[in-house]
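# Give me a model of this one.
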Amino acid sequence: MARSVFYFMWGLGLALIFCAVVWSLISMEKAEAAESGQSPAVEQHQAQHDFWINNGNYKSPTDGSHCCGDNDCKVIFADDVKITPRGYVLSNGEIIPYSEAQQSEDGEFWHCKRHDGSRRCFFAPMQAY
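Numbering: from 1, shown residues only. Now for the predicted structure:
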């Protein structure tokens, strides 16, 4: 009987340690996301661009360079994009002519930049395309 109580308590202790470790990892992830100013969902969504933008072999309509390099594409929230007769106007004032936009495969706006900050590619959802 004493041995079974010992094993039960030992197992309970291991379970509590496991829960504490998982909780601290989740807390660290939330803290890192808060420091970066993005939610974990946005970061995960941005990581998914690697699949369709990288593997889609998309090229810039202006110079033919590949749209995606390392960490250069960011999702743009629809609230930060205005559709005007001149093209897409971003919240920072940048205007992207319709002729330079490509169709987004995931229904989101995407802005891919070069290291110097200039636009490489812009993707818009079908309903805004």
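# ok, what's across the strand from Phe122?
Following DSSP bridges, Phe122 is listed with bridge partners Ala101, His111.
# close enough to count as contact, it and Trp110?
Yes: the criterion here is CB atoms under 8 Å, and Phe122 meets it with Trp110 at 7.0 Å. Bear in mind the C-beta positions are built from the backbone N, C-alpha and C, glycine included.
# mind listing the helices for the chain?
2-36, 40-49, 55 (DSSP state H).
# I'd like the average pLDDT over the second one.
Read that as helix 40-49. Across helix 40-49, pLDDT averages out at 52.
# Poorly predicted segments of the chain, please.
Low-confidence segments of the chain, defined by pLDDT under 70, span residues 1-50, 69-70, 128-129.
# one more time with 50
Applying pLDDT under 50 to the chain picks out residues 12-16, 18-31, 33-34, 36, 38-39, 41.
# domain assignment for it?
Per the record, the chain has its domains at 1-37, 40-128, by automatic domain parsing.
# contacting residues around Lys74?
46, 110-113 (CB atoms under 8 Å, 6 or more residues apart in numbering).
# Looking at those residues, state which has the most neighbours.
The most crowded member of the contacts of Lys74, judged by other CB atoms under 10 Å, is Trp110 (25 neighbours).
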